[in-house]
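K.L.:
just to be clear, the model below is a prediction. Sequence and coordinates:
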Amino acid sequence: MTTETISHDSHDDAHDHHDHKMTGIKRWLFTTNHKDIGSMYLWFSFIMLLTGGAMAMVIRAELFQPGLQIISPDFFNQMTTVHGLIMVFGAIMPAFTGLANWMIPMMIGAPDMALPRLNNWSFWILPFAFTILLSSFFMAGGAPNFGWTFYAPLSTTYSNGSTAFFVFAVHIMGISSIMGAINIVVTIMNMRAPGMTYMKMPLFVWTFFITAYLLVAVMPVLAGVVTMVLTDTYFGTSFFDAAGGGDPVMFQHIFWFFGHPEVYIMILPAFGIVSTTIPAFSRKKLFGYSSMVYATASIAFLSFIVWAHHMFTTGMPLFGELFFMYCTMLIAVPTGVKVFNWVATMWRGAITFETPMLFSIAFVILFTIGGFSGLMLALTPVDFQYHDTYFVVAHFHYVLVTGALFSIYAGVYYWLPKWTGYMFDETLSKAHFWCSLISVNVLFFPMHFLGLAGMPRRIPDYALQFADFNKWVSIGGFAFGLSQLIFLAVVIKCIRGGKQAEAKPWDGAEGLEWTVASPAPYHTFEKPPKVD
């Protein structure tokens, strides 16, 4: 037995001694093990994905044909609001936090996260936050119905009785996010293995490092704005009430100062995941590692100075519109660097198309479509036509579904053999990929045309001219939602057993000798090894 294995075993005993004694529910309630907590985050986010997805299906059922069919306009607005909140704060963000919890300590050579009890707490307050939010459906006024962006005065003067519960839930989610982010920053800064300098960290770790800083910077802004909404609604202040000397447009400025970095919080970790999977399945090291790090940092910086591009139609001065237009277009540069580097990594690589790679390639192509429509929305003059139409809905769903969600699937499929010790069912997982890929495009691509033709979003009824496209969109929506049940089947089947995974599941099977996501170690080959 080498010194390394002895120290590793004794460390494991010391760390898990407390965990091993606890069984059943206690193990999960009190665990400080980063892997357990990562798993809980991932399961929670998947439950929230299905919950938010069910709401999206209600929305699409109503919009299947023109006229009011199954729900009232008020309930329709409740659905769009809570769907957005759940998908952003309940599905995408906890899933990334779960992946970070699982993988960051392993990638930097740390025994666990730096603040394990804080880690436990930051997870366990989340189910309570969403229970509070969902319970508002059963209250007198119904759930929040003012859109996930909760613009004043809709969320203040004209809100229903559940605003206080909504604010409380958002505060708890924010506390969870801040604690998780602090934990990630402290872990990465203090617990890297000797010799792992910042520029030797895997890109996955880098993207989460930068994302965590963004979270710490902007979640207090969200906390501030929801508190102002609370006091305007219940305590007689008038931050956003013009009659009392306030300004409703100020709400938008404060909200989007949080909201724009937030959308990058939901996509930067995705960049880290595909920067891990693409080199692995291309059997090459990542092209342009340092440029990827700088590009990620540039995107994070620029995300703070583009918030008002959501507000081109509020009547800001021309100079303001030009400033925000140019800053927004500037984000295309570091993003383009990233896409170029991913393609260059695949170029002449010994590529194999396992499920994680399929999701990663789909990510690169479809996220780029979302980027192009974002560039169109960045142009002030044309944004006046696109604003508040289905074109915007198409744009951000291409970024968040085929972007963030597809990357999460890529990451889960990539690491699942490592987590469970078993290989998952490749046929089923590929069925999940193809069903998702086809249905997601049937769902979101026609929305571009609906938006360009002038169909407004968040409205439960529409003119007859939009009927055909909406029918296809709804069919795609139901197909996409049901496709995610295949994923559930794959994961459960994999956890329960199957073919034993090898120590290096993805290259062992192919007879390939190495995969690296960070700068290569000293024995890297100049050319990719030959595949038989």
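P.N.:
Arrived safely. Numbers count the residues shown, from 1 in each chain.

K.L.:
tell me if I'm right that L118 and I184 touch.
P.N.:
No: L118 is beyond contact range of I184, at 11.0 Å (criterion: C-beta atoms under 8 Å). (Each C-beta comes from the backbone N, C-alpha and C, glycine too.)

K.L.:
so those two - more neighbours on which side?
P.N.:
I184 (26 against 16; other C-beta atoms under 10 Å).

K.L.:
now do the contacts for that one.
P.N.:
Counting by C-beta atoms under 8 Å, 6 or more residues apart in numbering, I184 makes contact with 100, 104, 113, 208-209, 211-212.

K.L.:
can you show me the helices along the stretch 251-400 of the chain?
P.N.:
Ranges of helices in the stretch 251-400 of the chain, per DSSP state H, counting those that start in this stretch, are 268-282, 289-302, 318-330, 332-346, 355-378, 380-386, 390-399.

K.L.:
for V216, find the nearest of those.
P.N.:
helix 289-302 (11.9 Å; C-beta to C-beta).

K.L.:
now the buried members of the contacts of I184.
P.N.:
Among those, those that count as buried by neighbour count (16 or more other C-beta atoms under 10 Å) are 100, 104, 113, 208-209, 211-212.

K.L.:
just to revisit the earlier point, from the contacts of I184, which is closest to F255?
P.N.:
For the contacts of I184, the nearest to F255 is T211 (19.8 Å; C-beta to C-beta).

K.L.:
surely the closest one forms part of a helix?
P.N.:
Yes: T211 sits within a helix when classified using DSSP: H, G, I helix; E, B strand; the rest coil.

K.L.:
I'd say it and A270 touch.
P.N.:
No: under the criterion of C-beta under 8 Å, T211 is not in contact with A270, lying 9.9 Å apart.

K.L.:
residues shared between the contacts of these two?
P.N.:
F96.

K.L.:
so who does S360 touch?
P.N.:
Counting by C-beta under 8 Å, 6+ apart, S360 has contacts 273-274, 277-278, 281, 406-407, 410.

K.L.:
ugh, wrong one, I meant W472
P.N.:
Shown in contact with W472 (C-beta under 8 Å, 6+ apart): 442, 446.

K.L.:
ok, Q65 next?
P.N.:
By C-beta under 8 Å, 6+ apart, Q65 lies in contact with 467, 470-471.

K.L.:
likewise L318?
P.N.:
Contact criterion C-beta under 8 Å, 6+ apart gives no residues in contact with L318.

K.L.:
who wins for proximity to F75 among the helices of the stretch 251-400 of the chain?
P.N.:
Nearest of the helices of the stretch 251-400 of the chain to F75, taken as C-beta to C-beta: helix 390-399 at 19.1 Å.

K.L.:
counting by contacts, list what that closest one packs against.
P.N.:
helix 355-378, helix 426-452 (3 or more C-beta pairs under 8 Å, 6 or more residues apart in numbering; DSSP states H and E).

K.L.:
tell me the angle of the last one relative to helix 390-399?
P.N.:
Same thing as helix 426-452. Here helix 426-452 points in a direction 160 degrees away from that of helix 390-399 (axes from the mean of the first three to the mean of the last three C-alpha atoms, to 10 degrees).

K.L.:
buried stuff in helix 426-452?
P.N.:
So, applying 16+ other C-beta under 10 Å, buried residues of helix 426-452: 428-433, 435-437, 439-448, 450-451.

K.L.:
same thing with the first one?
P.N.:
Using 16+ other C-beta under 10 Å as the test for burial, helix 355-378 gives 355-364, 366-371, 373-374, 377-378.

K.L.:
then stretch 261-268?
P.N.:
Buried residues in stretch 261-268 (16+ other C-beta under 10 Å): 261-268.

K.L.:
so what touches that stretch?
P.N.:
Stretch 261-268 is contacted by residues 88, 92-93, 96, 207-208, 210-211, 214-215, 217-218, 222, 296, 299-300, 303-304, 367, 396, 399-400, 403-404 when judged by C-beta under 8 Å, 6+ apart.

K.L.:
ok, the contacts of Q65 vs I331, which is closest?
P.N.:
N470 (31.3 Å).

K.L.:
of the contacts of stretch 261-268, buried ones?
P.N.:
Neighbour counting with 16+ other C-beta under 10 Å marks 88, 92-93, 96, 207-208, 210-211, 214-215, 217-218, 222, 296, 299-300, 303, 367, 396, 399-400, 403-404 as buried within the contacts of stretch 261-268.

K.L.:
helices or strands up against whichever strand or helix holds L134?
P.N.:
For L134, the element it lies in under DSSP states H and E is helix 116-135. Judged by 3+ C-beta pairs under 8 Å, 6+ apart, helix 116-135 is in contact with helix 34-62, helix 73-85, helix 163-190.

K.L.:
rerun that using 6 Å as the cut-off
P.N.:
helix 34-62, helix 163-190 (3 or more C-beta pairs under 6 Å, 6 or more residues apart in numbering; DSSP states H and E).

K.L.:
to T237, which of those lies closest?
P.N.:
In terms of C-beta to C-beta, the element of the helices and strands packed on helix 116-135 nearest to T237 is helix 163-190, at 13.5 Å.

K.L.:
mind listing what's buried along that closest one?
P.N.:
For helix 163-190, a neighbour-count test (16+ other C-beta under 10 Å) marks 163, 165-185, 187-188 as buried.

K.L.:
got it, and stretch 309-321?
P.N.:
309-312, 316, 321.

K.L.:
just those residues now: which is nearest G498?
P.N.:
H310 (46.4 Å).

K.L.:
residues touching the closest one, list them.
P.N.:
Counting by C-beta atoms under 6 Å, 6 or more residues apart in numbering, H310 makes contact with W256.

K.L.:
pLDDT score for it?
P.N.:
With respect to pLDDT, H310 scores 97.

K.L.:
repeat that for I6.
P.N.:
Predicted confidence (pLDDT) for I6: 40.

K.L.:
now stretch 403-412: mean pLDDT?
P.N.:
The average pLDDT within stretch 403-412 is 98.

K.L.:
number the residues from 57 up from this point.
P.N.:
Let's use 57 as the start, then, which means that last one is stretch 459-468.

K.L.:
what's it in contact with?
P.N.:
So stretch 459-468 is in contact with 148, 151, 155, 322-323, 326, 329-330, 333, 412, 415-416, 418-419, 423, 426, going by C-beta under 6 Å, 6+ apart.

K.L.:
which of those residues sits closest to E558?
P.N.:
E558 lies nearest to P412 out of these, by C-beta to C-beta, at 15.5 Å.

K.L.:
not counting sequence-adjacent ones, nearest residue to the closest one?
P.N.:
Leaving aside its chain neighbours, P412 sits nearest to Y470 (3.9 Å; criterion: C-beta to C-beta, 6 or more residues apart in numbering).

K.L.:
residues near the one you found, how many?
P.N.:
Y470: 25 neighbours (other C-beta under 10 Å).

K.L.:
test my guess that it contacts T333.
P.N.:
Yes: assessed by C-beta atoms under 6 Å, Y470 is found in contact with T333 at 5.1 Å.
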